[in-house]
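Trainee: this is a predicted model, with the sequence first.
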Amino acid sequence: MTAAATFSDVTMRFRGHTALSGVTTEIQADTITGLLGRNGAGKTTMMQLLTGHRVPTSGQVQVLGEAPYENDAVLSRLCFIKENQRYPDQFRVCDAVSAAAAVFPDWDHDLAAQLVEDFELPAKRTIKKLSRGMTSAVGIVLGLASRAPVTLFDEPYLGLDAVARQLFYDRLLADYAENPRTIVLSTHLIEEISDLLEHVLLIDHGRVLLDADAETLRATALTVTGPARQVATFGAAHQLLQTESMAGQSRAIVRTGTATAHRMATELGLSVEPTSIQHLVVAMSLSSAATDRAAATASSDLQGVSR
Ligand SMILES: Nc1ncnc2c1ncn2[C@@H]1O[C@H](COP(=O)(O)OP(=O)(O)OP(=O)(O)O)[C@@H](O)[C@H]1O
């Protein structure tokens with residue numbers, strides 16, 4: 001696998017706040033990557049670094065082999081559809097489409113026209129007068145029809161109804177199958193998009209918490225259910241992320257690197273199911289928050305001792 005973009009020990013600080021801390025990762029070429037994480041995790045900041053809207057405080061960001069900041073050769077091959085994408089006041093839908101067609105070298109006119117029709121966008125209406133969801137649909141049309149080698153969607157579907165979101169997923173997959181390219185999609189609607197994702201990058205408090213291909217995640221994240229003691233035994237032998245117990249029964253989400261995990265669970269009399277990416281992301285984020293809290297408590301206890 002080649003990398004379309006790399007982050008090497010990237011730290012991004014905003015006046016006293018560290019948004020990203022020592023991030024090292026690669027965005028795989030010709031892959032759909034889900035950039036996931038809680039509010040304020042650092043997803044938009046990563047996209048802003050990829051698109052040269054910001055330069056890192058330290059470390060290096062490279063896109064298509066070069067630093068993106070003020071680099072036209074790179075930026076002309078990038079498309080960034082932001083949450084709350086803004087357009088000039090007088091722009092109609094058709095103006096946004098024509099402007100994008102002039103900017104993106106690989107622009108597909110037919111696809112754009114088809115998408116405008118699919119999303120039932122009124123081509124001659126001023127974007128300012130569109131509903132929230134329709135405005136999001138304009139961004140989606142531009143992002144898909146740009147056919148940019150690196151396309152970034154940052155929460156692209158604010159206000160889009162369920163039917164329109166499904167349309168986006170279907171059109172994205174169909175077009176991607178025919179024209180593979182690097183797509184990064186940041187979203188909180190993990191359940192909805194998890195089947196689309198080939199790679200998952202989970203950011204938490206500015207750090208990489210999970211960086212793995214979706215296939216591996218599906219195979220290594222398990223939910224086991226059964227008697228509490230047996231679940232605890234199984235959890236102790238694996239990476240236990242979350243556990244809930246009631247009336248002597250437990251349910252745990254674990255990550256396992258061993259091929260024998262299924263057998264061990266069965267021998268312990270536990271039922272085993274795959275864990276969805278959404279459940280895994282929630283469990284990992286909560287587990288990381290608990291670890292941070294424990295570390296903070298330990299550190300304040302130590303400060304108390306030293307006084
Ligand atoms: N210009 C800025 N000045 C100060 N702090 C900032 C700035 N931009 C981002 N931050 C902070 O950096 C952190 C990461 O923000 P970022 O927008 O990257 O998060 P996010 O993962 O995209 O969140 P969300 O899912 O809520 O959109 C947040 O704590 C945010 O408040």
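Mentor: Looks like it came in fine.
Trainee: what are the ranges of the helices in the stretch 1-150 of the chain?
Mentor: Here the stretch 1-150 of the chain has its helices, by DSSP state H, counting those that start in this stretch, at 43-50, 72-75, 93-103, 109-118, 132-145.
Trainee: residues touching the most centrally placed residue in the chain, list them.
Mentor: In the chain, the centroid-proximal residue (Cα atoms, centre = their mean) is residue 35; its distance is 1.6 Å. Contacts of residue 35 were listed using Cβ atoms under 8 Å, 6 or more residues apart in numbering, and they are 43, 46, 47, 184, 185, 186, 201, 203. Placement of C-beta: from N, CA and C, glycine included.
Trainee: got a list of what the fourth one touches?
Mentor: Residues counted as contacts of residue 184 (Cβ under 8 Å, 6+ apart) are 27, 33, 35, 47, 50, 150, 151, 152, 153.
Trainee: equivalent analysis for the second one, please.
Mentor: When contacts are counted by Cβ under 8 Å, 6+ apart, residue 46 touches 7, 20, 23, 35, 203.
Trainee: just put those residues in a markdown table and tack on distance to residue 191 and pLDDT.
Mentor: A markdown table is the format used below for the contacts of residue 46 (distance: Cβ to Cβ, whole Å; pLDDT from 0 to 100):
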| residue | distance to residue 191 | pLDDT |
| --- | --- | --- |
| 7 | 27 | 98 |
| 20 | 26 | 98 |
| 23 | 26 | 98 |
| 35 | 16 | 97 |
| 203 | 19 | 96 |
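Trainee: so which of those residues comes closest to the ligand?
Mentor: Within the contacts of residue 46, the smallest distance to the ligand is 6.4 Å, found for residue 203 (Cβ to the nearest ligand atom).
Trainee: can you classify the closest one as helix, strand or coil?
Mentor: strand (DSSP: H, G, I helix; E, B strand; the rest coil).
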